[in-house]
Structures are given as C-alpha cells and as structure tokens.
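Chemist: From the sequence below, what's the structure:
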Amino acid sequence: MENIIKREYDNKGNVIYYENSDGYWNKRDYDDNGNVIYYENSNGYWSKRDYDDKGNEIYREYSDGSWYKREYDNNGNLIYFENSYGKIISYF
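Modeler: You can find the predicted model right below:
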C-alpha cells in the first residue's frame, strides 16, 4: 500500500496541515514571524505558544494542562523559568 501524504501550506510556505494514509494528521498556526503558536494532532494532543517581541518563546501550554513560562533580558538571555509542576529557577 502506498503511503499517501497530504500537505497544505500558508502563503509564507509554512506547513499548516499534514495528513498521511494511516489517518494521522496535524495542523499548525503561525504568528507573523513564522513561529508556531498552535499545534494539534489527531491523537488529541495540542500545544499553544507565546513569544516576546524578539522571538523568544515565553509561554507554552499543553493539552494535559501543564505549562511553562520564561523571561528573558534585553540581550535574549534566559533569566527566569517557571512551570506548572512548581519548578522555579531564577538565573540572576
């Protein structure tokens, strides 16, 4: 059996939808800078992401309810990390 793959792209060439012959699919949304801001697949998994104005990922949330957030200084150095499991790290 031939493995058939379907892909759809946005006007910037980013893959926004993928499907294979087994029925697995995933889809993505992007911000204006080409960063993935939403991902979902046929297994029920999804994630959401936020970025600062320099393109650093500052927040991610998962379909299981877990999340993490990060903060960066003006030079793009990671200075703070926190997650839904109670882990907090300050880098200064």
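
Chemist: Grab the nearest non-local neighbour of residue 81.
Modeler: residue 89 (4.5 Å; Cβ to Cβ, 6 or more residues apart in numbering). Quick note: C-beta positions are derived from backbone N, CA and C, even for glycine.

Chemist: What about the one you found, how many residues nearby?
Modeler: Residues near residue 89, counting by other Cβ atoms under 10 Å, number 11.

Chemist: Quick one: classify it as helix, strand or coil.
Modeler: strand (DSSP: H, G, I helix; E, B strand; the rest coil).

Chemist: Would you confirm that it contacts residue 79?
Modeler: No - counting by Cβ atoms under 8 Å, residue 89 stays clear of residue 79, with 9.5 Å between them.

Chemist: which regions of this protein lie under the pLDDT threshold?
Modeler: Under the criterion pLDDT under 70, the flagged ranges of the chain are 1-2, 92.

Chemist: any idea where the strands of it begin and end?
Modeler: Using DSSP state E, the strands of the chain run over 5-9, 15-20, 25-30, 36-41, 46-51, 57-62, 67-72, 78-83, 88-90.

Chemist: Would you mind pulling up the elements that the last one packs against?
Modeler: In other words, strand 88-90. strand 78-83 (3 or more Cβ pairs under 8 Å, 6 or more residues apart in numbering; DSSP states H and E).
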